[in-house]
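Peer 1: fold the following for me, if possible:
(2 chains)
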Amino acid sequence: MAGIGWRLERLIHQGISGATTAYATGATVMALPWVLTTAVLFSLPAVIGRGMADLATAGTVVNVAYAAALLVAGPVQIVISRHVADRVYEGRPRAIAAPLCRGLGATFLICALPTAVGLLALGVPSRAAVWGAVLSAAVGTQWTALSVGNGLCSPALVLGAVAAGSAQSFLLAALLVAVAGLGVPGYLFGLISGQTLTLVILLVGIFRALPEEADERATLLPAFRDYAALAGAGLAFNASLWVDKLIAWSLVGGEAASFHARASTIAWFSTIPLLAWIFVEVETTFYRRFRSFYAALEGGATLPELRSGARGLVGEAARLLRGAISVQAGVTVFLQLAADPLARWLGLRQEAILPYRLLLFGAGAQGIGLLGLILLYYFGLRREACLAASSLFVAVTALTVAASASRLPPSVGTALGCSIGAVLIWRFVFRGIRTVLENTLLGQPFEVGRRGKAGSERRREPHRRDTMKSVAGHQ
Amino acid sequence: MKPFDVQNGRPSAGVQRADVCLVLEGTYPYVKGGVSTWVHDLIGSLPDLRFALVHVGSEWRAGTRMRYSLPANVVSLSNLYCREPPVLRRHADAPRRHADAGRSSRVLRGIRRLHLEEEIDSSLLDDLASGDLSPGAFLHGRASFEVTTELCERLAPDASFIDFFWHSRSMHLPLVRLLAAEPPAATLYHSLCTGYAGLLAAVWAHRAGRPFLLTEHGIYARERNLELDRAPWLRGTRDSRAADGAQGMLDSSTVSALRLMWRRFFRALARCAYARASTVVSICDANRQRQIADGAPAGKTLVVPNGIDVDGLGTRVPGPVPRTPGRHPVRVAFVGRLVPIKDVVTFIHACFLALQAVELDVRIIGPVDEDPAYVRRCRRLVAKLGLERAVRFEGALPIERVYSEIDVLVLTSFSEGQPLVILEAGAAGIPVVASDAGACRELLEGRGNADRQIGPSGIVTRLAAPEETAAAIVRLARDPEQRRLLGAAGRRRVATFYRKSVTVSAYRALYSWSWPESAGASSA
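Peer 2: Model (predicted):
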């Protein structure tokens, strides 16, 4: 969101500690949901105890709750955060609070209901299903608030909220299980309370940033129609992160699938520096260039000036691509070199190292693809974003299936699919940015705006720029 | 016969073929005024001919209340709008749907030629007549964007592109909408102006292989030029606001480039109409000369002055009621629509100056609903000058009341054809002070030798010259004998040269020349 850009720049200019905070904010906003998911899943046996009988139930509850939150709330948070960004851009902050509250309420319900239904369908006891539903609702709502809060609140507040919530989650969960002996319910309560704390802090920050008076008539529903393609893109991208594991489980099964899933999860951690870099670069340098292009357009630049500005944007996109590749390449080379000792340290078996090495490339490609999607979001190229994300999903699915069916490690197909998907996404990006002027203007409606004689018609009242939005909550 | 209402160019079944299709822009039957009254009288005076009316309006929600009851020989009334109702759905996917539409559109080629080529030939009208470009393809198609950028590069390379883009849309979208409309079937197409309506009538006539008659009361392209000079939307303020809410400003090079583009466009529309018309009629020689200067072939031009029903008016309007000098101030009136082109502001300023010298009772008489903003401006000016007690806004009044209550008629228009009010005032024996617009000088000082021998029936002043107008008012206010002499001359002039029957006969002849074999047949 536009507001965070100058805060990040100010932090970066403060020196190393400021820059660290800036990149940590980026990492938090971009990577926190899945880092947290992974941490929860991995810590489960340690906290609950391997010998406990209800470990399997707890695992199922947590898995389903987080998966539902990720899949269901992901698209919703894209829509809500874009809606908020629109209102900020239009200078109508009073129209944010009411739709946001309704959106968060809706997120709560649409996360809770499918989780409860899913858990019951899997044969989980109804009491555990209720815990799962509440966990999913808390997680989904908190992520949605995070996607909005990162644009409206200070980075320190966002980081503080997440840190406080995470600490409470683990400490209270461990305390209730180990000391109070409350087992799975205690563990889940601990998790939920931490997520809720983060949510509450974020909401306090968000509502402090908004005016006291709220426009109760403001609606959120039109945003769902406007941003349906973006929501679809979010869903497709999220699905592309999970689909290879499902394919491996269903087509290969056994240990190979398990190695693939673990390797994939660990490999994705390699993108955290990239995601932090993307967040900072997109919200600062890129946003400045982007904004200046549209400011020039609105401010009366001539056609040659605008064409030159569009070329500048293409150059900026290329710079971002080069930078992203460099960052990810650095991390990947290091992790490839350190693959064996790292695998030993993480307890990965020898057979999982090859998938891990391959999936490092896949994760990097997906991270770079994500940057492309963010740029497509920025330029309002919703249909292209949806197509690009779908291309990634299809490529990962098809090639993972093909590799699994050919008795190759599924990770071969996944890595190839991610790479091809990233290339396709960037084709959409460059094609879209090259025609940015055309796309921006041809997308503008032309409606009856005022009375006037024939022959003295004029443009309609302020043409809303759909393109000056930030990305928040794309994951 | 009940007229059909045909909306947006989709004719209803069962509408009879018309003898004459009158294509009207922003006038009859929805707007009161001289041209509308002229149209109404012409149709009513030719009851044996069937008329199809096509009204080109600015937008769908603009006034659609009929100000005239249609004569029985009107077989259809179609409304075409330059601007359509707002589409509530967002146009998010519009560019995709229309991206490649219009790639080889002939209308688009025609639009390009209107701007970039001087020559108006049959192939240009063929292109425009194809109507092969939808509004969606024009607004969201890449081909249309390419034409816009080419026009910008060639016509306004130093202008703000965003402003050029919106002006280009505003300029061409009405054209695209109108060209896509289906014409009513008619033996002859007759337009009362050039501009969008004139081009539409020319294209329809071209498409149907029918004759096209063009009558201009005012000179449309020149009137638009006057509007462009004063248009607030071309005076440096941009409609859009920057993200910080500040109002954008148009730079001078953008303003002049856009103004020039609009001028050239209206001129090109006029030239298309002149080129296709079989006869180009004007109502005075001054306007005929202007038409020729604007590209009308001299051989096609013809002057047919307007006329009025002198006898009917004479019985309804006895003339000014004699007032006791010294006891009643002289009553001076502006009569006409309160719109910028009538320059009521100059009239108010002139009255302010005249009131310094003589006592006057000033009336502003005429419809006030066409341009409420301008009416507000006039009222504010009256208040600002402290003239509330001396100047009264009467609104529209019946003709009997108008001319029986005033002593001097003042007309300060920037542009006029042959103002009906001067003829009416002449018939009522009321002297006139008028600006030198259109046929005003002819009407007040005479056209030919015989006419001039009658003597002046009023005083002609320069355009937008409040001091001159004020001086003329003062002169007439102080000299009742001169008022009487001028009024008498006006009465004689109108009775001799400006009878409605002459005008009607001329148009019957014009229509008949266009279809000698069928003129009378359809009336049977």
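Peer 1: any idea how far residue A:92 is from residue A:82?
Peer 2: 14 Å (Cβ to Cβ, to the nearest Å). Every residue, glycine included, has its C-beta placed from N, CA and C.
Peer 1: please apply the same query to residue A:385.
Peer 2: Using Cβ to Cβ, one gets 11 Å for the distance from residue A:385 to residue A:82.
Peer 1: what's the answer for residue A:341, then?
Peer 2: According to Cβ to Cβ, residue A:341 stands 43 Å off from residue A:82.
Peer 1: also residue B:41?
Peer 2: The value you get for residue B:41 to residue A:82, if Cβ to Cβ is used, is 60 Å.
Peer 1: who has more neighbours, these two?
Peer 2: residue A:82 (27 against 19; other Cβ atoms under 10 Å in any protein chain shown).
Peer 1: who's in contact with the more buried one?
Peer 2: Residue A:82 sits next to A:223, A:227, A:230, A:377, A:469 when contact means Cβ atoms under 8 Å, 6 or more residues apart in numbering or on different chains.
Peer 1: same question for the host helix or strand of it, mean pLDDT?
Peer 2: Counting by DSSP states H and E, the element that carries residue A:82 is helix A:55-90. Averaging pLDDT along helix A:55-90 yields 82.
Peer 1: ranges for the helices of the stretch 1-150 of chain A?
Peer 2: Assigned by DSSP state H, counting those that start in this stretch, the helices in the stretch 1-150 of chain A fall at A:2-13, A:16-48, A:55-90, A:97-121, A:126-152.
Peer 1: distance to residue B:20 added to the ones you listed, as TSV?
Peer 2: Shown next, in TSV, are these (distance: least, Cβ to Cβ, whole Å):
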stretch	distance to residue B:20
helix A:2-13	60
helix A:16-48	71
helix A:55-90	52
helix A:97-121	57
helix A:126-152	64
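Peer 1: go through these and pick out the most buried.
Peer 2: Across the helices of the stretch 1-150 of chain A, the average number of neighbours (mean count of other Cβ atoms under 10 Å in any protein chain shown) peaks for helix A:126-152, which reaches a mean of 26.
Peer 1: so where's the stretch 51-200 of chain B shaky on pLDDT?
Peer 2: B:60-64, B:84-103 (pLDDT under 70).
Peer 1: make sure residue B:430 is actually in contact with residue B:405.
Peer 2: No - assessed by Cβ atoms under 8 Å, residue B:430 is found out of contact with residue B:405, at 10.1 Å.
Peer 1: neighbour-wise, which of those two wins?
Peer 2: Taking neighbours as other Cβ under 10 Å, residue B:430 and residue B:405 compare with residue B:430 leading, 29 against 17.
Peer 1: and the pLDDT for the more buried one?
Peer 2: 94.
Peer 1: give me the phi and psi angles of it.
Peer 2: phi -110, psi 130 (degrees, to the nearest 10).
Peer 1: let me know the angle separating the least confident helix or strand in chain A by mean pLDDT from helix A:55-90.
Peer 2: Least confident helix or strand, chain A: helix A:2-13 with a mean of 70, by mean pLDDT, DSSP states H and E. With axes from the mean of the first three to the mean of the last three Cα atoms, to 10 degrees as the basis, helix A:2-13 and helix A:55-90 are set at 100 degrees to each other.
Peer 1: and helix A:2-13, what does it pack onto?
Peer 2: If you count contacts as 3 or more Cβ pairs under 8 Å, 6 or more residues apart in numbering or on different chains; DSSP states H and E, helix A:2-13 packs onto helix A:16-48, helix A:55-90, helix A:126-152, helix A:155-178, helix A:287-299.
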